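Undergrad: can't give you the sequence, but here's the structure:
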């Protein structure tokens with residue numbers, strides 16, 4: 001089985017070259033070199049800042065290197081990636097710091113919050129100011145009057161797509177859990193719970209736990225959204241088993257974090273996990289999770305993405321921690337064995353981000369190895385208590 005401490009050190013070491021741009025963290029190629037064809041993405045910079053803050057708290061790199069890398073990320077998020085004129089964060093900038101496009105995404109802003117919380121826990125200078133500003137922007141612009149997530153806005157933060165998405169909502173729940181733990185203000189936990197209650201106990205439960213990912217502005221599901229682009233990396237058609245697993249884990253963190261947690265948190269966490277395994281794992285006769293399924297549970301995109309397995313082993317570990325039932329630890333060991341056999345790249349480093357239907361390396365949806373966020377934190381989440389968040393536990 002994977003040695004989590006050694007693997008976290010290996011992943012953190014692989015990701016170090018991403019800091020080559022003063023604007024943030026680069027997208028990495030198969031060998032761990034910055035990919036100049038990609039801009040500097042806010043979501044990658046924020047996720048890598050989060051990882052290096054955790055790596056500093058764990059001592060995964062020599063000396064103060066992880067702290068310096070986390071500080072590089074905080075400076076970038078307070079610098080080139082931040083819109084000084086109109087507020088919020090650009091989706092991406094060039095390596096020289098020039099904005100690429102004008103859209104501002106709830107997905108990226110959620111990760112800015114997460115990075116800031118981990119920076120605060122790790123004592124990285126500037127993190128407190130970043131967290132205060134990021135929470136203010138999210139609360140004012142990326143939550144509607146009912147407390148649900150607004151997926152994207154134009155640069156002026158006043159208008160955006162006629163679209164709502166479960167993915168950005170999920171990562172906002174993750175960010176709000178961290179914000180509540182780091183600030184001590186439990187209102188963030190309650191905001192996270194409200195988002196989860198709507199999307200999981202409401203929408204997912206009513207669809208047999210096949211969670212629709214895409215909605216109009218009134219939160220009516222768009223079940224045929226991107227049917228012509230079934231392998232989209234962020235907005236694929238159909239149900240995404242990996243997100244069922246990720247939500248399953250997040251519900252258990254909520255259960256461990258809120259006062260008087262409702263019983264449905266654990267009930268729905270179990271149901272999401274069971275549905276994800278039923279429709280996603282070995283759905284076409286080969287080990288591994290298919291990326292997406294249709295509304296009958298049949299595979300649509302059969303490529304295997306590394307983040308799905310990472311979330312599977314984290315969810316299984318969380319369910320075992322919460323319930324004590326051996327079956328969940330057996331699933332965790334099975335997922336970890338799969339990752340060790342098929343995903344860990346012992347030659348070039350990190351994990352293969354995508355495999356084909358026969359579990360060979362593939363590059364249809366994702367090219368290169370953009371970041372190490374999913375693999376790194378999953379190895380910790382699968383073995384640590386459910387609350388508080390990782391950064392606070394490690395502190």
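TA: Thanks, I have it. What you are looking at is a predicted structure, and each value in this text was computed from that prediction instead of being measured. Residues are numbered from 1 along each chain as shown.
Undergrad: isn't residue 231 right next to residue 291, touching?
TA: Yes: look at residue 231 against residue 291 with CB atoms under 8 Å: they come within range, at 6.9 Å. From N, CA and C alone the C-beta is placed, and that goes for glycine too.
Undergrad: now the common contact residues for the two.
TA: Common contact partners of residue 231 and residue 291 (CB atoms under 8 Å, 6 or more residues apart in numbering): 301, 303, 365.
Undergrad: now do the contacts for the second one.
TA: So that's residue 303. Going by CB under 8 Å, 6+ apart, residue 303 touches 231, 290, 291, 354, 355, 356, 357, 362, 364, 365.
Undergrad: if we go to 7 Å?
TA: 231, 291, 354, 355, 356, 362, 364, 365 (CB atoms under 7 Å, 6 or more residues apart in numbering).
Undergrad: kindly report the same for the first one.
TA: Counting by CB under 7 Å, 6+ apart, residue 301 makes contact with 230, 231, 236, 290, 291, 292.
Undergrad: list only those of those flagged as buried.
TA: Buried members of the contacts of residue 301, counted by 16 or more other CB atoms under 10 Å: 231, 236, 290, 291, 292.
Undergrad: in a helix, residue 61, correct?
TA: No: secondary structure of residue 61 (DSSP: H, G, I helix; E, B strand; the rest coil): coil, not part of a helix.
Undergrad: neighbours around it, how many?
TA: Number of residues near residue 61 (other CB atoms under 10 Å) recorded here: 19.
Undergrad: ditto for residue 98
TA: The tally of other residues near residue 98 (other CB under 10 Å) stands at 11.
Undergrad: now do residue 37
TA: When counting by other CB under 10 Å, one arrives at 9 neighbours for residue 37.
Undergrad: repeat that for residue 296.
TA: 9.
Undergrad: just the element for it, please.
TA: Per DSSP states H and E, residue 296 falls between elements, in no helix or strand.
Undergrad: that one and residue 279, how far apart?
TA: 9 Å (CB to CB, to the nearest Å).
Undergrad: so residue 231 makes contact with residue 363?
TA: No: contact criterion CB atoms under 7 Å: residue 231 and residue 363 do not qualify, at 11.8 Å.
Undergrad: tell me the pLDDT at the residue lying closest to residue 395 once chain neighbours are set aside?
TA: Sequence neighbours aside, residue 121 is the residue nearest to residue 395 in space, at 4.6 Å (criterion: CB to CB, 6 or more residues apart in numbering). Looking at residue 121, its pLDDT reads 98.
Undergrad: tell me which element residue 121 is part of?
TA: In this structure, residue 121 sits in helix 106-122 according to DSSP H and E.
Undergrad: which elements pack onto that helix?
TA: Applying 3 or more CB pairs under 7 Å, 6 or more residues apart in numbering; DSSP states H and E, we find helix 106-122 packed against helix 42-58, helix 65-77, helix 127-141, helix 166-183, helix 390-394.
Undergrad: I'd like the ones you listed as CSV, with mean pLDDT appended.
TA: Formatted as CSV, the helices and strands packed on helix 106-122 follow (pLDDT from 0 to 100):
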stretch, mean pLDDT
helix 42-58, 98
helix 65-77, 98
helix 127-141, 98
helix 166-183, 98
helix 390-394, 98
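Undergrad: the shared contacts of residue 231 and residue 291 into TSV, with extra columns for secondary structure?
TA: Formatted as TSV, the shared contacts of residue 231 and residue 291 follow (three-state DSSP):
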residue	secondary structure
301	coil
303	coil
365	coil
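Undergrad: closest one of the residues you listed to residue 108?
TA: residue 365 (19.2 Å; CB to CB).
Undergrad: got the contact list for that closest one?
TA: Applying CB under 7 Å, 6+ apart to residue 365 gives the contacts 231, 233, 303, 305, 354.
Undergrad: rerun at 8 Å
TA: Taking CB under 8 Å, 6+ apart, one finds 231, 232, 233, 291, 301, 303, 305, 354 in contact with residue 365.
Undergrad: residue 145: neighbour count?
TA: Neighbourhood size, residue 145 [other CB under 10 Å]: 5.
Undergrad: just residue 126 next, same as before
TA: Neighbours around residue 126, by other CB under 10 Å: 16.
Undergrad: ranges for the strands of this protein?
TA: Under the criterion DSSP state E, the chain contains strands at 40-41, 92-93, 104-105, 152-153, 164-165, 214-215, 304-305, 354-355.
Undergrad: reformat those as a markdown table; add mean neighbour count, mean pLDDT and distance to residue 145.
TA: Formatted as a markdown table, these follow (neighbours: other CB atoms under 10 Å; pLDDT from 0 to 100; distance: least, CB to CB, whole Å):
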| stretch | mean neighbour count | mean pLDDT | distance to residue 145 |
| --- | --- | --- | --- |
| strand 40-41 | 26 | 98 | 30 |
| strand 92-93 | 24 | 97 | 29 |
| strand 104-105 | 25 | 98 | 19 |
| strand 152-153 | 20 | 97 | 15 |
| strand 164-165 | 24 | 98 | 14 |
| strand 214-215 | 20 | 98 | 16 |
| strand 304-305 | 27 | 98 | 35 |
| strand 354-355 | 21 | 98 | 39 |
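Undergrad: quick one: closest of those strands to residue 338.
TA: strand 304-305 (9.1 Å).
Undergrad: just checking: what are the partner strands of the closest one?
TA: strand 354-355 (antiparallel) (DSSP bridges).
Undergrad: gap between the strand it pairs with and the chain center?
TA: Mean C-alpha position of strand 354-355 versus that of the full chain (CA atoms, centre = their mean, to the nearest Å) differs by 18 Å.
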